[in-house]
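# I'd like to go over a predicted model; first the sequence, then the structure.
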There are 2 protein chains.
Amino acid sequence: MARLVMKFGGTSVADLDRIRNVARHVQREINAGHQVAVVVSAMSGTTNELVGWCREASAFHDAREYDAVVAAGEQVTAGLLAIILQNLEIDARSWLGWQIPILTDGAHGVARITGIDGARLIERLEINQVAVIAGFQGIGPDNRISTLGRGGSDTSAVAIAAAINADRCDIYTDVDGVYTTDPRMVPGARRMARVAFEEMLEMASLGAKVLQVRSVELAMVHNVPMVVRSSFDDPEAIDSSPGATPPGTLICDEEAFMEQQLVTGIAYSKDEAKITLRRVADRPGVAAAIFLPLSQGNVNVDMIVQNISEDGKTTDITFTVPQGDFARARKVIDDQRESGEISCELVSGSEDVVKVSVIGIGMRSHAGVAAQAFNALAEKGINIQLITTSEIKISILIDAAYTELAVRSLHSLYGLDKKQD
Amino acid sequence: MARLVMKFGGTSVADLDRIRNVARHVQREINAGHQVAVVVSAMSGTTNELVGWCREASAFHDAREYDAVVAAGEQVTAGLLAIILQNLEIDARSWLGWQIPILTDGAHGVARITGIDGARLIERLEINQVAVIAGFQGIGPDNRISTLGRGGSDTSAVAIAAAINADRCDIYTDVDGVYTTDPRMVPGARRMARVAFEEMLEMASLGAKVLQVRSVELAMVHNVPMVVRSSFDDPEAIDSSPGATPPGTLICDEEAFMEQQLVTGIAYSKDEAKITLRRVADRPGVAAAIFLPLSQGNVNVDMIVQNISEDGKTTDITFTVPQGDFARARKVIDDQRESGEISCELVSGSEDVVKVSVIGIGMRSHAGVAAQAFNALAEKGINIQLITTSEIKISILIDAAYTELAVRSLHSLYGLDKKQD
């Protein structure tokens, strides 16, 4: 017997037929003797409709009221799934954020979970009642509904799993696992059987859109094993008996790995724009004069590169931002130049760039991974515009036209391609 | 300064434009210096959609889960109206049933309000914050959302008005008041300026569909004056200054009337079916043998007439039920006959009947009102099938074909027709 959290996203609960399919997945786990808490999103399209109404009501809508409106979507799905489970003679009960309660901070619209009291859920699970929980929502310190921001249901699921000491948190989605890179771009991409939390974190934040970054962070902190798996598999064709390996990709602590792969996957992100400031006066405080106003202007800066000053007087600074922040970022910089806070000769920008990342815990203990990547790209004639590295990741900014070539080359380079039968 | 509850039904909040119009009504009252609590229904169509999903999910859906699903509709409207009011620079906050809280019993789907703590709402009203309250919902003893049954938002509004000691509960709807009879049937029907609670109760339960019966009962018990008025009036063209008479029909205690009219209105109900049992053995317990099984079968019996036994041995018993209960009622009677619980010669039934009612508090102190009615119908050649009377009402069952003739005749008889200019 295991205690499981099963999370189903919007496309998996898009209509009553799909919700019935979800119920059959739950039924399989119950029949296998497991305790089950289910976390559901709103039926796909619902949240967009509700958000659209809020925006139409006022461009500057109150976040508390926005939360009250949009949280209604998950409420409907939770109730409907409970009804359908009961119809299958499975004891089930829906739970809203305020009923459990899932406590959050007061940052309405982008709230963070501060605590969950799992006691009442555990009571119900132990009498084999399925808890059907509305994802994406909690209750703030003001006794008002709060929401966790888009995609927050993954985070709900992991937080619930931690609160009820679940053995596993299964994220059912419209793909059958996490791949070594985007399979639409690289036909040889392989589904990974396992990936470490830290690697998944890098992939999630770098454009592998399977999971919300926050949920992976939370799972890592509380050491909750996650499985990314398909909700479209035939529910009855899967072996859920104790000890059976679930289909999909297991995301867990690296300690659980028998041997480490050098590189786990290649991610890319097209949502990048680059801004370069040339011949910036190289004096203390210049970086602050650039990046403080950007952060105050809510510009999300990602990569930052400052070269060593050639002449001892000026330097070039380049950074990247999401494309949606590009215009705002340029305006902030222009304002700073006009007010004399920063002096530089030229500001240039480009949205025609892509960030390609090589990710793997194994590179911690292996030198030369980065050098191999640079060499492979050079051989293909791909110019590297920016480089940043972390312990388990190398990110390279290149011309967007070379995305596919770069991703395919790196995927092959590190031996990630599917074995040919 | 007055404290007002303003209630808007589904057609009045059908889309964002209509909700904006609602906000302008609220704005007018705020500008006039009043304190305002607003009670809203779900956007029209929403509740039907949610109810439809529950039914599709399971024919025997759990009432608790049904409540969780359908209550989402009012939640959305409340949040959207709060946003729109804030956009007009009116301080506003939405409230769900569990937040106030509106306590109900545990009869999910058809819950009754057991108590409302108005303290927090009054605090907000006194700092001139508009309370936008989701109608139709409360919270049951099991800490789960409960709903009050269809049309329950009127009841929510009156209960809130009682809890916050409101001076008035305005029911904004798609008609401009309560009429002496159905204006589609009788062109001479007049809008009443005032009507007593008891009269309105009879009219509401007899087919004048303007208000839910329960809300009028509650208003009568707590002596909350209600006004039925149109939400489609131009919000800015109405005088809301203290002392001004609001447009529409005031429903209040009869003590407030300067002089009493004999008859206030003529109501009719087409949702009637008649069942007659002929030559029922006339012995003690026979009525119980008929009506106890009917109530156990959830058949809603309305009029009951038993004539004096002609031969001392048998009698005829006739009763009416809503058309939806007709088949069920006949089956119950047939079962009782087969098992020998009741013996009668013939059971006949008809759905082709209508109940016409003459209503007026004045008839308490005036004899002859009933006789006038019978005479007027006789003059038109209308055969009376059944008669029941109460202190302030005479109900007559006739052939449905004569509905319009009967209603028009009675409307004229008691001087209710509009004065010709």
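Here it is on my side, so go on.
# what residues does chain A put near chain B?
Residues of chain A lying close to chain B by Cβ under 8 Å from any Cβ of the partner chain are A:16, A:19, A:50, A:53-54, A:56-58, A:60-62, A:64-69, A:71-73, A:75-76, A:78-80, A:82-84, A:86-87, A:93-94, A:96, A:98-99, A:143-145. Glycine gets a C-beta too; all of them are placed from N, C-alpha and C.
# now for A:Pro101: which residues touch it?
When contacts are counted by Cβ atoms under 8 Å, 6 or more residues apart in numbering or on different chains, A:Pro101 touches A:116-117, A:138-139.
# buried residues in the lowest-mean-pLDDT helix or strand in chain A, which are they?
One helix or strand of chain A scores below all others by mean pLDDT, DSSP states H and E: strand A:304-306, with a mean of 82. Buried residues in strand A:304-306, counted by 16 or more other Cβ atoms under 10 Å in any protein chain shown: A:305-306.
# what of stretch A:71-78?
Buried residues in stretch A:71-78 (16+ other Cβ under 10 Å): A:71-78.
# swap in stretch A:344-357?
A:344, A:349-350, A:353-357.
# chain B: which of these is nearest?
Distance to chain B, by Cβ to the nearest Cβ, is smallest for A:Gly349 among these, at 35.2 Å.
# surely that closest one meets A:Arg278?
No. Under the criterion of Cβ atoms under 8 Å, A:Gly349 is not in contact with A:Arg278, lying 11.7 Å apart.
# identify the contacts common to those two.
Common neighbours of A:Gly349 and A:Arg278 (criterion: Cβ under 8 Å, 6+ apart): none identified.
# one step back: out of the contacts of A:Pro101, who's the most crowded?
The most crowded member of the contacts of A:Pro101, judged by other Cβ atoms under 10 Å in any protein chain shown, is A:Gly138 (30 neighbours).
# let me know the secondary structure of it.
Secondary structure state of A:Gly138, per DSSP: H, G, I helix; E, B strand; the rest coil, is strand.
# what's the pLDDT at it?
A:Gly138 is assigned a pLDDT of 97 by the prediction.
# for A:Ile387, same thing?
On the pLDDT scale, A:Ile387 gets 86.
# so where does it fall, helix or strand?
According to DSSP states H and E, A:Ile387 maps onto strand A:384-390.
# after the least confident helix or strand of chain A, next one along is what?
Next along from strand A:304-306, by DSSP H and E: strand A:314-321.
# next structured bit after the host helix or strand of A:Tyr172?
Element membership for A:Tyr172 (DSSP H and E) is strand A:168-173. Per DSSP H and E, strand A:168-173 leads on to strand A:194-196 as the next helix or strand towards the C-terminus.
# and that following strand, what other elements does it pack with?
Using 3 or more Cβ pairs under 8 Å, 6 or more residues apart in numbering or on different chains; DSSP states H and E, the elements in contact with strand A:194-196 are strand A:249-252.
# repeat the analysis, applying 10 Å as the threshold.
Counting contacts by 3 or more Cβ pairs under 10 Å, 6 or more residues apart in numbering or on different chains; DSSP states H and E, strand A:194-196 is packed against helix A:197-205, strand A:226-230, strand A:249-252.
# give the pairing partners of that strand; include direction for each.
strand A:249-252 (parallel) (DSSP bridges).
# next SSE downstream of the strand it pairs with?
Once strand A:249-252 ends, the next helix or strand along the chain (criterion: DSSP H and E) is strand A:265-269.
# using the three-state scheme, assign A:Glu89.
Here A:Glu89 is recorded as coil under three-state DSSP.
# give the contact list for it.
Neighbour list for A:Glu89: A:Gln27 [criterion: Cβ atoms under 10 Å, 6 or more residues apart in numbering or on different chains].
# what do you get if the cut-off is 7 Å, keeping everything else the same?
Going by Cβ atoms under 7 Å, 6 or more residues apart in numbering or on different chains, A:Glu89 touches no other residue.
# A:Met200 too?
Residues in contact with A:Met200 (Cβ under 7 Å, 6+ apart) are A:178, A:211, A:216, A:251.
# grab the nearest non-local neighbour of the second one.
For A:Leu211, ignoring the flanking residues on the chain, the nearest one in space by Cβ to Cβ, 6 or more residues apart in numbering or on different chains is A:Ala204 at 4.9 Å.
# so A:Tyr402 versus chain B, what's the distance?
Distance, A:Tyr402 to chain B, using Cβ to the nearest Cβ, to the nearest Å: 46 Å.
# how confident was the prediction at that residue?
With respect to pLDDT, A:Tyr402 scores 95.
# that one reaches A:Asn383, doesn't it?
No. The criterion here is Cβ atoms under 7 Å, and A:Tyr402 misses it with A:Asn383 at 8.2 Å.
# which of these two has more neighbours?
More neighbours surround A:Tyr402 than the other of A:Tyr402 and A:Asn383, with 17 against 9 (other Cβ under 10 Å).
# and that one, what is it in contact with?
With Cβ under 7 Å, 6+ apart, A:Tyr402 has these contacts: A:Ile382.
# did I read that right, it in a strand?
No. Counting by three-state DSSP, A:Tyr402 falls outside a strand, being helix.
# quick one: which of the buried residues of stretch A:71-78 sit in helices?
Taking DSSP state H as the definition of helices, the buried residues of stretch A:71-78 contribute A:72-78.
# in the stretch 151-300 of chain A, where is pLDDT below threshold?
Filtered on pLDDT under 70, the stretch 151-300 of chain A yields the residue ranges A:151, A:207-208, A:256-260.
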